[in-house]
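Engineer: Next one to model:
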Amino acid sequence: MAIPVQLDMKYALPAQLATAPRETTHVNLETDIPSDSDWALLSSHFTSVTHLYMDSGWNERVGDAGIPLHWPLEKITIGSACADVCTSPWIIEGRAKHLVLYYTAGLRFEGPTTEELIKANREAIERGEKEAYKVGNLTINYVPDLARDWLREKFEKEKNERNVKEEDTSRVPYVPLRTLEIIENDVHDTLLRYVLAHPSLVDPVETLNLVAPGPNDLELGPENVLHGILPQLKALNTLVLTVGDNYSSRELLPNLVQAFANPTFLPNLKSISFVLDLKDGEEVRKKNEEYQTAAKAEAASDTQEESETVVEAAKGLATEEAVVGAMVSQHANADVEVEIVQDESETNEEAVLVIPPASSPSLLPSPSPSPALPEVSVSDEVLAQAKRACEQLWRAAEGRGVVVEPWSVVQSRREPWELPKVSESDEVALGESTKEFKSESRPGEDSKFTGIKPVDQRWEKL
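Structural biologist: Presented below is the predicted three-dimensional model:
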């Protein structure tokens, strides 16, 4: 097995490549994007890369333009890129079999680059066509808005001219793309931008994995965008769909579910995994319960400590300390009032323990009230409706002979975004240098993949 290579693009590349095996099939580029000179070095050094992982970190750019076309790439993962445009033929022509967009946002697949958008915006401001957005003396260029305005102007112009250009597919006689995964953030919008830019690229997709539970979505397209896109995927045989409670109308989900009962809807579908991830449901319920339990225990502890403190102060003046202590222990769960009564005929003070009736307020300082936590945002009624929708989907799928698989089973089979393990023989051969190529945990290996928690405990009872 070829040794996997992980490169930190914030550091000088030649020194890292000096110990990187040329025949590797897996390359990870992290923390920044490669420059043109970096891509030239990578292109000449590696010849057999099939899996490329790119995470630009805080740079948040794509940097895909220089991906070598001579690499036999099968899978590309783009992570952290925001409000930038993909330009590599590997992506915009669907040349890779497997494309993963992981925690990207505002990613585009056509149109001007970020620099070109900012330049056009600056020129429009100078011409007086637009007003600059300033904070103090600082001019802000908000790229997502610029990109959204460009896209809307593009389609408005085509609509007015009634001359929508057909997609040029002459350069791409065959589209290899078979697996498309869009994970978190603006999943619906990203899929829509991809389809609008290159409609034919999704035609041959056989596996679609959408993890869209978050609220930072549906700013570009309508909420029923999946209703329009999914029917186009005639070749789709595996659908992994995770949606959240982020639709303004709760009827959208049942409507989508009902579509699965129609055998003409995704006619080649063989398996489906569906997760309805309602945020702040069981997770908040558990936090509330844990908080209240801890608050009660703390309040009880504070009451006990205060009782013991007052009694201890009195015990120094009491003549029957043991009796008082026993009574405090016996009535530890009751409201306890301790009075200091001084007999005028005596010089000694006596501690008298009084057990007040239940209706009598305690003279001990009461513990501070626990701050109120928000109620569980997903009610039993909403959860029951969600369960009915899931059950309807399962029945519809099984009625068509479609296998319904648990999400956890699907994820256990998928290839996580990780560098392959180094075999023992490779470790022996490489010695100490192996540590540079050791596999590190990649997103997708555990629950951090989506943050999805176990099923709500109320589910089975509804």
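Engineer: In contact with residue 232, which residues are there?
Structural biologist: 195, 199, 202-203 (C-beta atoms under 8 Å, 6 or more residues apart in numbering). To be clear about C-beta, it is placed using only N, CA and C from the backbone, and glycine gets the same treatment.
Engineer: where does the closest residue to residue 240 other than its chain neighbours land in three-state SS?
Structural biologist: Sequence neighbours aside, residue 209 is the residue nearest to residue 240 in space, at 4.2 Å (criterion: C-beta to C-beta, 6 or more residues apart in numbering). When classified by DSSP: H, G, I helix; E, B strand; the rest coil, residue 209 comes out as strand.
Engineer: Relative to residue 201, how far out is residue 209?
Structural biologist: Distance of residue 209 to residue 201, given as C-beta to C-beta, to the nearest Å: 16 Å.
Engineer: same thing with residue 56?
Structural biologist: Distance of residue 56 to residue 201, computed by C-beta to C-beta: 23 Å.
Engineer: What of residue 295?
Structural biologist: From residue 295 to residue 201 the distance is 54 Å (C-beta to C-beta).
Engineer: who has more neighbours, those two?
Structural biologist: residue 201 (23 against 16; other C-beta atoms under 10 Å).
Engineer: Dump the contacts of residue 232 to TSV, plus neighbour count.
Structural biologist: As requested, those are exported to TSV (neighbours: other C-beta atoms under 10 Å):
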residue	neighbour count
195	19
199	14
202	22
203	14
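Engineer: Among the residues you listed, which pair sits farthest apart?
Structural biologist: Using C-beta to C-beta, the contacts of residue 232 span at most 10.1 Å, a distance reached by 195 and 203.
Engineer: which residues of the stretch 101-250 of the chain fall in helices?
Structural biologist: Counting by DSSP state H, counting those that start in this stretch, one finds helices in the stretch 101-250 of the chain at the ranges 114-126, 143-161, 187-197, 225-229.
Engineer: which secondary structure elements does the first one contact?
Structural biologist: Yep, that's helix 114-126 we're talking about. Helices and strands touching helix 114-126, by 3 or more C-beta pairs under 8 Å, 6 or more residues apart in numbering; DSSP states H and E, are helix 143-161.
Engineer: what's the angle from the helix it packs on to helix 114-126?
Structural biologist: Using axes from the mean of the first three to the mean of the last three C-alpha atoms, to 10 degrees, the inter-axis angle of helix 143-161 relative to helix 114-126 is 80 degrees.
Engineer: what's the neighbour count on the spatially closest residue to residue 141 that is not a sequence neighbour?
Structural biologist: Of all residues beyond its chain neighbours, the one nearest residue 141 is residue 118 (4.8 Å), with distances taken as C-beta to C-beta, 6+ apart. Using other C-beta under 10 Å, residue 118 has 14 other residues around it.
Engineer: What of the one 5 residues further on?
Structural biologist: Using other C-beta under 10 Å, residue 123 has 11 other residues around it.
Engineer: before we move on, back to that, between the contacts of residue 232, which is nearest residue 272?
Structural biologist: After measuring the contacts of residue 232 against residue 272 - C-beta to C-beta - the closest member comes out as residue 202, at 17.5 Å.
Engineer: where does that closest one land on pLDDT?
Structural biologist: Model confidence at residue 202, given as pLDDT, is 92.
Engineer: Name all residues that make contact with it.
Structural biologist: 177, 180, 194-195, 229, 232-233.
Engineer: Put the buried members of those residues into a ChimeraX selection.
Structural biologist: In ChimeraX, this line selects whichever of the contacts of residue 202 come out buried by 16 or more other C-beta atoms under 10 Å:
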select :177,180,194,195,229,233
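Engineer: export the contacts of residue 202 to TSV and tack on distance to residue 133?
Structural biologist: Listed next are the contacts of residue 202 as TSV, based on distance: C-beta to C-beta, whole Å:
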residue	distance to residue 133
177	38
180	35
194	28
195	30
229	33
232	37
233	39
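Engineer: of all the contacts of residue 202, which two lie farthest apart?
Structural biologist: Farthest-apart pair in the contacts of residue 202 is 177 and 229; separation 14.8 Å (C-beta to C-beta).
Engineer: Now flag whichever of the contacts of residue 202 is closest to residue 69.
Structural biologist: Nearest to residue 69 out of the contacts of residue 202 is residue 177 (C-beta to C-beta; 15.7 Å).
Engineer: Next one: the residue nearest to that closest one when sequence neighbours are not counted from residue 147, what distance?
Structural biologist: Using C-beta to C-beta, 6+ apart and skipping the chain neighbours, the partner closest in space to residue 177 is residue 94 (3.7 Å). According to C-beta to C-beta, residue 94 and residue 147 sit 21 Å apart.
Engineer: Which stretches in the stretch 51-200 of the chain count as strands?
Structural biologist: 51-55, 75-79, 98-102, 134-135, 138-139, 179-183 (DSSP state E, counting those that start in this stretch).
Engineer: which parts of the first one are buried?
Structural biologist: When you say that, I think you mean strand 51-55. In terms of neighbour count (16+ other C-beta under 10 Å), strand 51-55 has its buried residues at 51-55.
Engineer: and it, what other elements does it pack with?
Structural biologist: strand 26-30, strand 75-79.
Engineer: what's in contact with it?
Structural biologist: The contact list for strand 51-55 (C-beta under 8 Å, 6+ apart) reads 25-31, 33, 62-64, 67, 71, 73-80, 102, 417, 442.
Engineer: same deal with the second one?
Structural biologist: Identification of contacts with strand 75-79 by C-beta under 8 Å, 6+ apart yields 50-56, 62, 64, 67, 86, 90-91, 96-104, 107, 415, 417, 443.
Engineer: at 7 Å instead, please
Structural biologist: For strand 75-79, contacts defined as C-beta atoms under 7 Å, 6 or more residues apart in numbering pick out 51-55, 62, 64, 90-91, 96-104, 417.
Engineer: Against residue 122, how distant is residue 129?
Structural biologist: Separation of residue 129 from residue 122 (C-beta to C-beta) stands at 11 Å.
Engineer: more neighbours, those two?
Structural biologist: Each of residue 129 and residue 122 has its neighbours counted (other C-beta under 10 Å); residue 122 has more, 14 against 9.
Engineer: Could you list the low-pLDDT ranges of the stretch 351-462 of the chain?
Structural biologist: 351-378, 407-457 (pLDDT under 70).
Engineer: Same check on the stretch 1-150 of the chain?
Structural biologist: Applying pLDDT under 70 to the stretch 1-150 of the chain flags the ranges 1-2.
Engineer: Now do stretch 14-30: distance from first to last residue.
Structural biologist: Terminal residues of stretch 14-30 are spaced 15 Å apart (C-alpha to C-alpha, to the nearest Å).
Engineer: contacting residues around that stretch?
Structural biologist: Stretch 14-30 has contacts (C-beta under 7 Å, 6+ apart) with 2-9, 41, 45-55, 57, 419-420, 433, 436.
Engineer: Out of those residues, which end up buried?
Structural biologist: 3-7, 9, 45-46, 49-55, 419-420.
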